[in-house]
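In: Structure, please.
(2 chains)
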Number of protein chains: 2
Amino acid sequence: MPTYRAPVKDWLFILHDFLRVEERKQVPGFAELTPDLTSAVLEAAAQFHEEVLHPLNQPGDSQGAQFHDGQVRTPNGFKAAWDAYREAGWHRLSLAEALGGAGLPPVMSVPLSEMRASTGQSFSMYSSFCAPAASMLAALAPEWIKRHVVPRLSDGDWTATMCMTEPQAGTDLRQISTRATCQPDGTWRITGRKIFISGGDHDMADNIVHIVLAKVPDAEGRVPADLSSVHVFMVSKRIIDPHTGDPGELNNVFARSIEHKMGIEGSATCALDFESAVAWRIGETGGRGTAANMAPMFHLMNYARVGTAVSGVGYAEIARQNAADYARERRSGRAGPKLRDPLKVADPIIAHADVRRLLLEARSFAEGARAGAMRAAMWQSIAQSAPDAEERQAAADMLDILTPVMKAFFTDRGFDAAVACQQVLGGHGYIKDYGIEQFVRNARVGQLYEGANGIQATDLVHRKLFSHEGRPWKHFARAISDFIERHSDDVQLKPYTVPLDDGLQRLSKSFAWLNTDGSANYGRVDAASYDVLTAMGILYVGWTWGEIAAIVLDGTRCRYVDETTRATKLALAKAWMQRQMPLLEAMCRRIECGNDSLLSMPDDWI
Amino acid sequence: MPTYRAPVKDWLFILHDFLRVEERKQVPGFAELTPDLTSAVLEAAAQFHEEVLHPLNQPGDSQGAQFHDGQVRTPNGFKAAWDAYREAGWHRLSLAEALGGAGLPPVMSVPLSEMRASTGQSFSMYSSFCAPAASMLAALAPEWIKRHVVPRLSDGDWTATMCMTEPQAGTDLRQISTRATCQPDGTWRITGRKIFISGGDHDMADNIVHIVLAKVPDAEGRVPADLSSVHVFMVSKRIIDPHTGDPGELNNVFARSIEHKMGIEGSATCALDFESAVAWRIGETGGRGTAANMAPMFHLMNYARVGTAVSGVGYAEIARQNAADYARERRSGRAGPKLRDPLKVADPIIAHADVRRLLLEARSFAEGARAGAMRAAMWQSIAQSAPDAEERQAAADMLDILTPVMKAFFTDRGFDAAVACQQVLGGHGYIKDYGIEQFVRNARVGQLYEGANGIQATDLVHRKLFSHEGRPWKHFARAISDFIERHSDDVQLKPYTVPLDDGLQRLSKSFAWLNTDGSANYGRVDAASYDVLTAMGILYVGWTWGEIAAIVLDGTRCRYVDETTRATKLALAKAWMQRQMPLLEAMCRRIECGNDSLLSMPDDWI
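Out: Below you'll find the model as predicted:
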C-alpha cells in the first residue's frame, strides 16, 4: 500500500514566500489570504485527503465501477466519502460566496486539485464539474435554473457532467450528430449518443445534470457541417419541475455501458444515449454566433484543463514520496569505491547516483510546476478582476499561453515522473501491491483527455503564442528578461539566471526563424508545435525555479521555511537548470530543421 | 482488437541488403542463409505468430494466469499453442543441431524474439529458457543431465526457469540467502525463497527445470557476505532418475503465490519455496572462483537481455501498425489551410503533422533498432567463432557495449513508442478494446526486469565502455568514422553523415571530459551514466540509419526491396537524423555539467 503526506509546507511556502499573496491588496480576495487562514484550510484539506480519500484509492480502482441493468455502482466507500467531502465543502472552495461557495481565489483550489489526483482521481471525477457547472449556469442559464439547480450543484446534492464527445466526433466538434429540437413550451428534445462521459451515471447523488452539446436544425431540418448550429443544453437525469426545482421522473437518458480502461477504473466512463430527452438551452438567447453559443462549454473546458494540468503534479508528488521511501529502505550494492555504510551488507539505493537522478527529476518537476501552477492561478484572479486594464490584459496573455502549455507539459512530465519513480523500485515497481504502477496507469489519462496533448500544441502555436502579432510571446519573454535584469548583479544567482537567459535567447531565435515567412509557413509551425510546447514548458518551470532561487538566496524574503527547505529548494532549482534546460537546445534544433521528414512522406509510408 | 502483420519484408531487407549475410562466408552458418531459406523460415514463423499467438494475446492477459492450491493454470489456449509451437520448433531455431535445434545463427532468432513480444510475451515467457538452458547445460552440466535433460528442453517437453531474485536480493546477488548443502550421494539440498520466477509453475509441460543460485556454507556452516560462495544448481519440479531420465515424484519446490502486475498478466510470476529440495550442481567441478561458479547464470542472463532488448522493437512495431491504421481511418479537423480532402467532412488524422511525428518517431526507432539488433547478432556469431582472432575481439568489444545499451535504450524507446502510438488514438487509446494500452503496460516490464535499466547504464560506464583503456569505445567510434570517411565524397548522403559525424565528435568530447581525472571521477561518471547510455543508443541507431541510407542511395546494393520501400527508408533515416540526433547535444551538456545537483544533496532532501 502506498502512503501519502500532503505537501502543505510547500503550498504555504509558495503562497507566502513565493507569491506573497497577503500583500497583493490589488488582487481580488488576496488580502484575506493570511497565513493563519491558508494553513488552517490546507491542513484540514490535507487531513481529509490523507485519511479519507487516500485509503479508498487503490481498492476503488481495483474493484472498479460496476455496470448492471443500465446503472452504475461506484466502488465501496465512494458514496460515504462524497457525503463527507461535500459536507466539508472541498469542492466549492473557489466558488463565489453568493453561490454557496467559500469564495476563495483559484490559487487556493490548486492544492485541492493536486490532492485529488494524488489520492483519488477516480473518486473526484464524479463531482469535478459541480462547482464549475454551478458557476457557469449562474452566469448563463435561465432564471429558474439559477434559482433551483445552482444551489444543488454548489451543495453537491447533485453532480454535473460535460457531454461533448461522440463515437465519430472527439476534438472535431463540427462532426457531432446529436440533435436538439425546440418544443412549443420552450423546452428542447435531444437525441444522440455521447461517449466518454465521466460520471455519466452513478449512485453517489440523487440527480445528475448533463451539460450537452447538440446541433439545432434550421426550419428545413438541415444542419450545417460546421459549428454554427451547435448549442449548449442542460439535460437532467431526472426531469426537474421549473417551478419547485424538484426532480421528478427519469428523463430519457440511458447509460448503455461503461468503458474498461488502462486506469482510473473506479471512475465510470459512460456511453449515454439521449432519446428525445427533455432539455433546456443554456447561453444568451438570440445567440450571437458560434463563440456565444459555445461559451458555456468553453467555461467548463478551460476549468478541466487547468485541473488536468495540476494532476500531473499530484502524480509526480505521490509517486516520488513512495519511491523515495523505498529507496531509503532498500539496500543493494555499493554506491562507489568509498564504503558509505560499512557495517551494513549494502548501501541504501538512494545513495546510487542514477536512483537520485530519477527521484530528483520527479521532485524538481513537481515543486517547480506546483509553484508555476499557483502563479498561473494568481494571474487568473488578476485577469478576471484586477482594477488595472493593462494588468488584466497582461495576465490574460500569460494564461492564454499557459493553459495549453501546462495542460500538456505538466501531464507529460507528471506521467514521466511516475514512470521514473516506478523505475526506482525495479521489478517491485511492476507489482500491484506497491501501488506505484497505479499512478503510472492513472497519470496516463491526463495526456489523452480534455484535448489530447497534441491538440494543445496546435492551439498554442496557431492561436495563442504568436497571435496579435506575437504579443503574448513578447510579453512572456519580456517578463523573464525583466527578472534576469533585476538580478544581473547577483553573482550567487548566476547558476540559475545564466541557463535561463541562454534558454530564453535560444528559443527566441527559433521562434524568429519559425516566423520568418509568416503564414506561408503553416506546415513548419505545425510540425514544430510539440517541440515549441515542450520548450515553453521547460522555460516556464525554469523561470519559476529562477524566481524561487532568488527568494531563497535573499535571506529577507524567505519567511516560512527552515534552512533545510531553503537548501533543498536551491538544489532542486539547480537540478532543473542542469538537467532540463539543456533540452531546450535540442528542441530548438528540431524546430529549425524544418521537419521535412514529417511533412513530405505519403501517408502510406508512415 | 488490434491486428498484426509481421514485418517479413523488413527482415529480408536487413538480412540480404543491409547485412548481406549470404556473402559472409567467413561467418559460421551465414553462407547457408540464402534468401530462399530465410524467406521460407520467416514467412512460416510470421504466419504462426499472426494466426496462432496473436489471437491469444489480449484474451490471455485479460484472463490472466490463475493460482489455486499451489498450482498455476495458464490462460485458455496457451497449452495447445505451446504444443504447436514446439512441434514447429520456433523456440530452438538457433540451438545447435547436435542438441536437437535447427542450428541457424542467432541473427535468425532476432525476428522470432521480436514477434514473441508483438504477439505473445506472456505466452513466450513460460518457454523462453528452454533453448538457452539446453545450450548451457549441454556445456556445463554433469553427463546424465546432458543425456537426459537437454533433449527434453530442446524438444520443449519440459521448460526451464532462472531463479535468482529473493525478497531482499535483486540486483545485489551477494545478499541471497538460499542455501545449498551437499549430500553424501553427490546431490545437494536447497532451501530458500525465490521470487519473480516467470513460469515457476504452470500446466503447459510435464516438468520444469529450475536453474537456481544458492550459497554453499563452508565446513563450519558459515557463508561469506560476498559472491564467493554462490553456485548454480539445477532443481527439477519432479525428481529425475539420473539413470533413466524419467521424472518421478514431486520435489520439495512449492509455488506459494503469483504476482498481480501492471501487465503481462498471462505470465505466471511465482514465489517459489525450496524446502530441502533435491538439486544438482552445474558448472565445472572444483570451482575456480566466482566467475566460473556463476558462468551458467551469466549465460542465461545475457541471453535474456538480448531478447528483452528486441522486445522494445516488437512493441514499437505492433503499436505503430495499429496506430497508423487508426490514423488513416479516423477523420478530425483540417490539417492546414489548403483543403486536402474537400469532399469529406474532415481530413484523416494522419494528415496532421503532430500525428505524423508520433508515428514516424515510433517507426524510425523500430526499423533502425531492428537493423541494429540483427547486426549485433551477426557480431555475436563472429565473436563466438570467426576464424580471425582480431575480428573476434572487435566483435566482442561491440557486443560488450551493445548488450547493456540495447537492453536499456531499446526497451526505453519501445515503451516510449508504444506510449506515442497510444497518444495517436486520443481518449480511445485509454480504452482496453483497442488493445494498444496493453502494449504500453506490457512494454513497461522490459525496462524493469533482467537488470533494471539504471543497472545497465552502470554496467556500461564502469565495466564496458571505458575498460581496457577505452578500447571498446575507441573501436566503436572508429567504426563510425570509417563509415563516414568511406562516403566522404557522397553529396547525397550528407544529410545523414553530417549529423552522424557531429554527434560522434560531440560525444567523444564529452567522454574525454568525463575521463579527464580518471578514477577519482567515479561520482561524475556514475551521475552521467544514463545520459551516456542514451547517447550511445541514439548514436548506434543513427549509425545504423546512416549505413542503410548509403545502401539505399547506391542503386546497385539494394536488391530485395521496391522503390517505395527505398524512399521510405530514406525518410525514416532522415527522421532519425532530424529528430533524435539533436538530443545528443542535450545529453552531452548534461554529462558535462558534472551533475553536482545529483551528488551533493543529503538523502533526506531527495
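In: where do the strands sit along chain A?
Out: A:66-68, A:71-73, A:158-163, A:179-182, A:188-198, A:207-215, A:230-236, A:238-240, A:247-250, A:253-258, A:269-282 (DSSP state E).
In: Would you format the ones you listed as a markdown table with mean pLDDT and distance to B:G199 included?
Out: In this view, the C-beta of every residue, glycine as well, is placed from N, C-alpha and C. Shown next, in a markdown table, are the strands of chain A (pLDDT from 0 to 100; distance: least, C-beta to C-beta, whole Å):
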| stretch | mean pLDDT | distance to B:G199 |
| --- | --- | --- |
| strand A:66-68 | 98 | 33 |
| strand A:71-73 | 98 | 37 |
| strand A:158-163 | 97 | 45 |
| strand A:179-182 | 96 | 55 |
| strand A:188-198 | 98 | 38 |
| strand A:207-215 | 97 | 47 |
| strand A:230-236 | 96 | 53 |
| strand A:238-240 | 98 | 54 |
| strand A:247-250 | 97 | 52 |
| strand A:253-258 | 98 | 34 |
| strand A:269-282 | 98 | 35 |
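In: which residues in the stretch 301-450 of chain A form helices?
Out: Ranges of helices within the stretch 301-450 of chain A are A:353-385, A:389-405, A:411-424, A:436-448, based on DSSP state H, counting those that start in this stretch.
In: For the residue of chain A most remote from its centre, grab phi and psi.
Out: Distance from the centre of chain A peaks at A:L343, with 46.8 Å (C-alpha atoms, centre = their mean). When read as degrees, to the nearest 10, the backbone of A:L343 gives phi -80, psi -10.
In: Could you check how far it is from A:R331?
Out: Going from A:L343 to A:R331 by C-beta to C-beta, to the nearest Å gives 12 Å.
In: now swap in A:S128 and tell me
Out: On the measure of C-beta to C-beta, A:S128 and A:R331 end up 42 Å apart.
In: now swap in A:T34 and tell me
Out: For A:T34, the distance to A:R331 - C-beta to C-beta - is 46 Å.
In: Residue in the stretch 1-150 of chain A with the shortest distance to chain B?
Out: The minimum distance from the stretch 1-150 of chain A to chain B, using C-beta to the nearest C-beta, falls at A:S62 (8.9 Å).
In: residue contacts, that residue?
Out: By C-beta atoms under 8 Å, 6 or more residues apart in numbering or on different chains, A:S62 lies in contact with A:265, A:432.
In: Look at it and report its pLDDT.
Out: A:S62 carries a pLDDT value of 96.
In: With A:I382 instead?
Out: Value for A:I382, per-residue pLDDT: 94.
In: residues contacting it?
Out: A:I382 touches A:27, A:391-392, A:395, counting by C-beta under 8 Å, 6+ apart.
In: if you set the cut-off to 10 Å instead, what comes out?
Out: A:24, A:26-28, A:30, A:105, A:388, A:391-396, A:398-399 (C-beta atoms under 10 Å, 6 or more residues apart in numbering or on different chains).
In: That one and chain B, how far apart?
Out: To chain B, A:I382 is 32 Å away according to C-beta to the nearest C-beta, to the nearest Å.
In: ok, now A:E284?
Out: Counting by C-beta to the nearest C-beta, the gap from A:E284 to chain B is 27 Å.
In: thought that residue was touching A:A295?
Out: Yes - here A:E284 reaches A:A295: they are 7.9 Å apart, a contact under C-beta atoms under 10 Å.
In: A:S481 - how many residues pack around it?
Out: By the criterion of other C-beta atoms under 10 Å in any protein chain shown, A:S481 has 15 neighbours.
In: pLDDT score assigned to the residue nearest to it when sequence neighbours are not counted?
Out: Nearest-residue entry for A:S481: A:L504, 6.9 Å, with adjacent residues in sequence omitted and distances by C-beta to C-beta, 6 or more residues apart in numbering or on different chains. A:L504 is assigned a pLDDT of 98 by the prediction.
In: show me the contacts for A:L504.
Out: A:L504 neighbours (C-beta under 10 Å, 6+ apart): A:476-477, A:480-481, A:483-484, A:539, A:542-543, A:584.
In: So what's the gap between stretch A:496-510 and the chain middle?
Out: In terms of C-alpha atoms, centre = their mean, to the nearest Å, the centre of stretch A:496-510 is set 27 Å apart from its chain centre.
In: Give the buried residues for that stretch.
Out: A:496-497, A:499-501, A:503-504, A:506-508, A:510 (16 or more other C-beta atoms under 10 Å in any protein chain shown).
In: How about stretch A:279-298?
Out: Buried residues in stretch A:279-298 (16+ other C-beta under 10 Å): A:279-283, A:287, A:293-297.
In: again, but for stretch A:248-264
Out: A:251, A:253-255, A:258-259, A:261-264.
In: is chain B contacted by it?
Out: Yes - Stretch A:248-264 lies within reach of chain B by C-beta under 10 Å from any C-beta of the partner chain, at A:259-264.
In: re earlier: A:S128 and A:R331: which is more packed in?
Out: Using other C-beta under 10 Å, the more surrounded residue of A:S128 and A:R331 is A:S128, with 26 against 19.
In: Verify the contact between the more buried one and A:S122 for me.
Out: No - contact criterion C-beta under 10 Å: A:S128 and A:S122 do not qualify, at 11.1 Å.
In: Common neighbours of these two, please.
Out: In contact with both A:S128 and A:S122: A:116, A:198, A:267, using C-beta under 10 Å, 6+ apart.
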